[in-house]
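Asks: only geometry, no sequence info:
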């Protein structure tokens, strides 16, 4: 699959786009694959490639593209083209694209939609894109709680949507009353009332739930889909396994990108000024922390002038603290995400991490002290760096536990900001310990 | 759900474990939740908590625990207890636990298994734990290709496993010939041969496929499960949505942990020497790279002695290069994982990243140069740091593109090793550029 995409990319970059072979390759591949291929083209070639896609396939491909890539492409199209493109867009597709469309284009799309779809769109758009309510699937089997098994089976013959392993029962006001799993339904007698087949364990979720929480709940249920209800338990639709898989896959990508201060919607070939601007912000934040560390080093200018070896070895002290601290931080961030960290085990955790810190601190202090002694032939310098390493690794253990716990208490996601704060703390602590001890014992 | 776990943890740590209330709480929660709670206890309290779990629930909970936690717990149990615990373990559970069990305990479990389960175990254990073959689900609807629709429907009445939306058809030798989706089956006439209902688009996967690839394929198929076959297309079982969701969820966790050199199976309260040892390795690798950077700084000792401001500002140059490089690296690593980077767009990518580098390099060089001028009142120092920043950010762009591409060519996962190599390169380049320019223009 990947090699097919790669082949398509090669062809699109090197050859004539309008050849019949390219057209054919693009309609043979799935919309996701064509979207991936388009995103891999430098902007200059992307528009041309877009034009060699069959008109009927274009919308599906546009929906699959990343936000920024879609935005960049739509900028190239005029309103007539866009109106034609959106002529049969449905609520789900429009919700997928809404964040990367100007209001004007959303209105063009809404004007062409039928009432049902427009209503679904308006129901969904009030939720953020990490919330179940935005992605509700409306294609599901709903029946009145008063029918019999034979009538329910007749429903299946009419239409069985993907990811269906049960029928949802509602009362007269549309309130969800329970679900009947296929295995119960198949085993039932035709005249059994479906309400007698209700699965008591069947879960439901609120439209306001987070996608990741809903995905966890779906995984635990061993069902292909679970019903989504509003605060009054009115059945709105369902959340199915396809959405859960997508949630995790994208979550994975977002997490990876966020460690570098990037957004998962970013385009590989976004225009240079635009890329520079989005990345510049992250560089700026990190510049602040770097200058803060420099300011602390600046306090010890006089010492550095006399013992220049301190300047040479500074990165070692800072780096060991940063690495040890990230290890503790990562473990605690996972524990917080899983709900495993409570008031009463926090003390034991801190004491355990400090003990690990002492052990690794002493071990690596000896190694680093010995290397320093051999390198600079200065025993006191060896002792100073060894002590600084122990102090910084202990500081790292302490910060690695406390920073994420504090951030979590302040309702700030520790996975995002934790590591920037932590490395600032360990850098400063490392420099101050090392240069401070140096000032005391080496001058 | 999370607050229930937290409550249980609090109770287990603070109160008597043997009270009836605790026993009840533990059997009301799902095995995953109890496993999470057990993992949150300091080791001393874990064994006691384990004993207050009803015997019948223990195996399910043990299976849900992380590898290291399970290992630590099993060490506390004697062979008689383990034999009783494993008396009705099935192949799937044993495969889940095998990597954290000594061979002796695997044998105890295998001896008590029936032949069918033992065979499944032996089929699965040859595959690594990121391969589909290890996690095949054997509970599925299989029919001969020669039956009629009415007979297929009768199969459903006998048993409909979770995640079932189709029936798999095999020929006389057990070879997979296709699948019939429920929607086709429900609409068919009773006397229709099932072979006429086969869905031509239904995908299959090889047992040797990677879990993440299989999960992507399942997501694209909009099915609840897809058939797993061996190299001769003999049907072995299926890969279902529950497994795909679990794959992504755990992949997410593994990725998060691996950035700090940790394993996702690690226990929050693993014994101190053990934790210190596993983390020590990562510290050691990073120590090597830190000393390498120090060695390069060492070359410029004489310069540092004369212009101590260089020592104060070193972290700023290194940090900006590291951050800019990680941004490019992350984007390229994602592109490689998605198959978006080919020979022909690599040049455009490199040129785009270098342009972003020039823009951000010049911008931040001006800012940093100005701050330096104001701080140290030394115009030449400002010029030197500004040039060093530009050089290092360009080096970062170059390395950010080329390091992951080279690692990928060498079949090394760039997501794991890329960032260690990259920051070593940008650290060294930053120090050499800054101190080298300083030597040339400030002495």
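Replies: Looks like it arrived, so ask away. From a predicted model like this one, the values you see are computed outputs, not experimental measurements.
Asks: In this model residue A:81 seems to touch residue A:108, though I could be wrong.
Replies: No - checked against Cβ atoms under 8 Å, the pair residue A:108 and residue A:81 is beyond contact range at 10.9 Å. For the C-beta atoms, the positions are set from N, CA and C on the backbone; glycine is no exception.
Asks: Please point out which parts of the helix-or-strand element of chain A with minimal mean pLDDT sit buried.
Replies: Lowest on mean pLDDT, DSSP states H and E among the helices and strands of chain A sits helix A:2-14, with a mean of 77. Neighbour counts over helix A:2-14 (16 or more other Cβ atoms under 10 Å in any protein chain shown) mark A:5-6, A:8-13 as buried.
Asks: And that helix, what does it pack against?
Replies: Counting contacts by 3 or more Cβ pairs under 8 Å, 6 or more residues apart in numbering or on different chains; DSSP states H and E, helix A:2-14 packs against helix A:20-28, helix A:31-39, helix A:43-51, helix B:343-376.
Asks: Using CSV, please lay out these together with distance to residue B:428, mean neighbour count and mean pLDDT.
Replies: Output for the helices and strands packed on helix A:2-14, formatted as CSV (distance: least, Cβ to Cβ, whole Å; neighbours: other Cβ atoms under 10 Å in any protein chain shown; pLDDT from 0 to 100):
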stretch, distance to residue B:428, mean neighbour count, mean pLDDT
helix A:20-28, 45, 14, 80
helix A:31-39, 33, 23, 92
helix A:43-51, 34, 16, 88
helix B:343-376, 17, 19, 95
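Asks: Let's have those helices in TSV, adding distance to residue B:404.
Replies: Shown next, in TSV, are these (distance: least, Cβ to Cβ, whole Å):
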stretch	distance to residue B:404
helix A:20-28	27
helix A:31-39	17
helix A:43-51	22
helix B:343-376	11
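Asks: can you list the domains in chain A?
Replies: A:2-128, A:142-241, A:272-442 (automatic domain parsing).
Asks: Can you tell me which of the ones you listed has the worst average pLDDT?
Replies: Note on the domains of chain A: domain A:2-128 shows the lowest mean pLDDT, a mean of 88.
Asks: before we move on, back to that, between residue A:108 and residue A:81, who's got more neighbours?
Replies: residue A:108 (18 against 13; other Cβ atoms under 10 Å in any protein chain shown).
Asks: Wasn't that one part of a helix?
Replies: Yes - per DSSP: H, G, I helix; E, B strand; the rest coil, residue A:108 lies within a helix segment.
Asks: So it versus chain B, what's the distance?
Replies: Per Cβ to the nearest Cβ, to the nearest Å, residue A:108 is found 29 Å from chain B.
Asks: ok, now residue A:350?
Replies: Separation of residue A:350 from chain B (Cβ to the nearest Cβ): 11 Å.
Asks: Could you double-check that that residue lies in contact with residue A:398?
Replies: Yes - at 7.4 Å, residue A:350 counts as touching residue A:398 under the criterion of Cβ under 8 Å.
Asks: so which helix or strand takes in residue A:117?
Replies: helix A:115-125 (DSSP states H and E).
Asks: and if you look at residue A:421?
Replies: Following DSSP H and E, one finds residue A:421 within helix A:414-442.
Asks: same check, this time on residue A:228
Replies: Per DSSP H and E, residue A:228 falls inside strand A:225-229.
Asks: Quick check: closest non-adjacent residue to residue A:218.
Replies: Spatial nearest neighbour of residue A:218, excluding adjacent residues (Cβ to Cβ, 6 or more residues apart in numbering or on different chains): residue A:244 at 4.9 Å.
Asks: and the helix or strand hosting the one you found, which residues are buried?
Replies: Assigned by DSSP H and E, residue A:244 falls within helix A:241-258. Residues of helix A:241-258 classed as buried by neighbour count (16+ other Cβ under 10 Å): A:241-245, A:247-253, A:255-258.
Asks: what do you get for stretch A:428-443?
Replies: The neighbour-count check on stretch A:428-443 (16+ other Cβ under 10 Å) flags A:428-439, A:442 as buried.
Asks: Give me the contact list for that stretch.
Replies: With Cβ atoms under 8 Å, 6 or more residues apart in numbering or on different chains as the contact definition, stretch A:428-443 has outside contacts at A:292-293, A:296-297, A:299-300, A:302-304, A:306-307, A:310, A:313-314, A:317-318, A:320-322, A:380-381, A:383-385, A:387-388, A:391-392, A:395-396, A:399.
Asks: Kindly recompute the last result at 7 Å.
Replies: When contacts are defined by Cβ atoms under 7 Å, 6 or more residues apart in numbering or on different chains, stretch A:428-443 is touched by residues A:292-293, A:296-297, A:300, A:303, A:306-307, A:310, A:314, A:317-318, A:321, A:380-381, A:384-385, A:387-388, A:391-392, A:395.
Asks: Could you identify the buried members of these?
Replies: A:293, A:296-297, A:300, A:303, A:307, A:310, A:314, A:317-318, A:321, A:381, A:384-385, A:387-388, A:391-392, A:395.
Asks: So which of those residues sit within strands?
Replies: Among the buried ones among the contacts of stretch A:428-443, no member falls in strands (DSSP state E).
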